[in-house]
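>>> Need coordinates for the below:
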Amino acid sequence: MKFYDRLIDESAPGALQAVPATTNVPSAEYPRVYADGRVTFRVHLPSAKSVHLEGGQGLCSSPVPMSRDGEGNWSVTLPPTVMGFHYYWFTADGTQINDPGSHTFFGYGKQTSGIEIPDPQLISSDLVTAPVLPVYAPHPGPQGQIHEHWYQSQLTGNWRRCFVYTPPEYQDAANAGTRYPVLYLQHGAGEDETGWVRQGGVNFIMDNVILGNSSSFFFAAGSQPKAKPMIVVMDNGYATYATPRPQMRDPSETYLRSGSEAFGAVVTQELIPFVDRNYRTINDREHRAMAGLSMGGSQTMAIALTHLDFFSHIGTFSGAQFLAPRSQAAGAAAAPAFDPQTAYGSAFADPEAFNSRVRLLWMGAGTAELALSESLRQNAEKLRSANIKLVEYHSPGTAHEWQTWRLCLSKFAPKLFQS
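Numbering: from 1, shown residues only. Down below sits the predicted model:
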């Protein structure tokens, strides 16, 4: 992730009033972003008969036709777009292709083009004299580090990879004996363990909330408490047992924990011990949290709520744990409506016991991801009516995309391990 170091020349015509996106490959002039949030895409496909731009919810909700010039360049300019990271691709004569001008990121189950739409303040000096940087951008001063590890999983029979963030002070000689709480942070469906590092900017977010850079975008000065220095672990959320296990018999538990049982075993039996052996962790449930986005949020709820001997802080960002499937196969039973008395092995059934064990239950979504946001409102109210304590957050104007999840993490992390 780079800074925007070029200013718009408003005396120039057309597309020259924009700068190349920071997510472009070196020397690529397109996509180009404007100070008002517009963005122009262009691709050279002289043999194509039709080309459309497609992408994430916050970029374009449906395919956008592109126009061809006499040299075989296809282009389109989108109106002001929600700032943040967006996946996108081109569909040329029915075939999806990535943009050769953009870096790719693992999303939608494959390498996919991505674009960072900046805050207008970052690319035009006419608006302010001192641009305020986003919380997910690098800042001067101490920086945490990202470490990559491979470990052998006996449960899955495969080598697995995880990324570990250590806070800025971790390597200081003065802190050589200091131990740290740990957040296990998961990606969404179609993504992998690189997502929070490459698309999310997790190290920059954590640096800024730990160091208390309250001037960062989205935070009024002095309004945001500092986060505790902590370790953050990101693993691949897909796992299957090397040896088949008996299927769960309870249909509701099968739905709620779908795809999570093997991964939950990896987390509790292999990943946590691996991290505790290799890092200076505080190895108890009071200093261990789990959170995730979308699928990772659903996995977090399924795993953490059924392993409260491991976790005391729980967060879900756009997690679909409350939504019934949109369609049912013939003869398949519909998923039950969320009931705090029975969900997740009756984890919420005794509110006094739950509230004493779970120090933080935090749930967030973007207001532009309508179904998830409304589901969150309804079911958070069910939990409150059942006397369950929780924090509810709705990110204004953001969709089922990384901007929602970046903001969720920046709001969630400062509340961890505070009591």
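>>> Give the bridge partners for Gly107, please.
For Gly107, the beta-bridge assignment (DSSP bridges) gives partners Lys110.
>>> Now do the same contact list for it.
87, 114, 190-191, 195, 199 (CB atoms under 8 Å, 6 or more residues apart in numbering). For every residue, glycine as well, the C-beta is placed using N, CA and C.
>>> out of these, which are inside helices?
Per DSSP state H, helices hold the following members of those: Gly195.
>>> Check what pLDDT the residue nearest to Leu78 when sequence neighbours are not counted gets.
Leaving out its chain neighbours, the residue that sits closest to Leu78 by CB to CB, 6 or more residues apart in numbering is Val39, at 5.2 Å. Per-residue confidence at Val39 stands at 94 (pLDDT).
>>> Quick check: the gap between Val39 and Gly144.
Going from Val39 to Gly144 by CB to CB, to the nearest Å gives 31 Å.
>>> Surely Phe317 touches Met295?
No - in this structure, Phe317 sits apart from Met295 without contact. The criterion is CB atoms under 8 Å, and the distance is 10.8 Å.
>>> Reformat the contacts of Gly107 as JSON lines; add neighbour count and pLDDT.
Below are these laid out as JSON lines (neighbours: other CB atoms under 10 Å; pLDDT from 0 to 100):
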{"residue": "Tyr87", "neighbour count": "23", "pLDDT": "97"}
{"residue": "Gly114", "neighbour count": "26", "pLDDT": "98"}
{"residue": "Gly190", "neighbour count": "15", "pLDDT": "95"}
{"residue": "Glu191", "neighbour count": "27", "pLDDT": "97"}
{"residue": "Gly195", "neighbour count": "26", "pLDDT": "98"}
{"residue": "Gln199", "neighbour count": "27", "pLDDT": "97"}
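>>> Tell me which two in the contacts of Gly107 are the farthest apart.
Of all pairs drawn from the contacts of Gly107, the one with the largest separation by CB to CB is Gly114 and Gly190; the distance is 13.0 Å.
>>> gap between the helix ranked longest in the chain and the chain center?
Looking across the chain with DSSP H, the single longest helix is helix 370-385. If you compare the mean C-alpha spot of helix 370-385 with that of the full chain, they lie 20 Å apart, counting by CA atoms, centre = their mean, to the nearest Å.
>>> Walk me through which strands whatever helix or strand comes next after it pairs with, and which way each runs.
Scanning forward in sequence from helix 370-385, with DSSP states H and E defining helices and strands, the next element found is strand 391-395. Strand 391-395 has the following sheet partners, assigned by DSSP bridges: strand 360-366 (parallel).
>>> which stretches of the chain form helices?
Under the criterion DSSP H, the chain carries helices at the ranges 195-198, 202-211, 251-256, 261-266, 272-278, 295-305, 343-346, 351-357, 370-385, 402-412.
>>> so which of the ones you listed gets nearest Ser62?
Put simply, out of those the one that sits nearest Ser62 is helix 370-385, at 15.6 Å, with distance taken as CB to CB.
>>> Next, the angle from the closest one to strand 391-395.
Orientation check (axes from the mean of the first three to the mean of the last three CA atoms, to 10 degrees): helix 370-385 against strand 391-395 gives 160 degrees.
>>> Okay, buried residues for helix 370-385 please.
Along helix 370-385, the positions that meet the burial threshold by neighbour count (16 or more other CB atoms under 10 Å) are 372-373, 375-376, 379-380, 382-383.
>>> This structure - how does it break down into domains?
Taking automatic domain parsing as the criterion, the chain consists of the domains 14-122, 145-324+333-415.
>>> and the last one, how far apart are its ends?
Across its full length, domain 145-324+333-415 reaches 22 Å end to end, with CA to CA, to the nearest Å as the criterion.
>>> Thr23 and Asp99: what is the separation?
As for Thr23, its distance to Asp99 is 10 Å (criterion: CB to CB).
>>> Could you do Asp309 as well?
Between Asp309 and Asp99 the distance, using CB to CB, works out to 47 Å.
>>> before we move on, what about Pro414?
36 Å.
>>> between these two, who's got more neighbours?
Relative neighbour count places Asp99 above the other of Pro414 and Asp99, with 24 against 18, counting by other CB atoms under 10 Å.
>>> you'd agree Leu390 is up against Asn379?
No - counting by CB under 8 Å, Leu390 stays clear of Asn379, with 10.0 Å between them.
>>> shared neighbours of those two, which are they?
Taking CB under 8 Å, 6+ apart as the contact criterion, no residue touches both Leu390 and Asn379.
>>> Can I get the buried residues of helix 370-385 in JSON lines including distance to Tyr151 and pLDDT?
Rendered in JSON lines, the data for the buried residues of helix 370-385 read as follows (distance: CB to CB, whole Å; pLDDT from 0 to 100):
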{"residue": "Leu372", "distance to Tyr151": "33", "pLDDT": "91"}
{"residue": "Ser373", "distance to Tyr151": "37", "pLDDT": "93"}
{"residue": "Ser375", "distance to Tyr151": "36", "pLDDT": "91"}
{"residue": "Leu376", "distance to Tyr151": "34", "pLDDT": "93"}
{"residue": "Asn379", "distance to Tyr151": "36", "pLDDT": "92"}
{"residue": "Ala380", "distance to Tyr151": "36", "pLDDT": "94"}
{"residue": "Lys382", "distance to Tyr151": "39", "pLDDT": "95"}
{"residue": "Leu383", "distance to Tyr151": "36", "pLDDT": "96"}
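>>> At which residues are the strands of the stretch 51-200 of the chain located?
51-55, 64-65, 67-68, 73-78, 84-92, 95-97, 104-107, 110-117, 145-153, 158-166, 182-186 (DSSP state E, counting those that start in this stretch).
>>> circling back: tell me which of the domains of the chain lies nearest to Leu133.
Nearest of the domains of the chain (CB to CB): domain 145-324+333-415, 6.2 Å.
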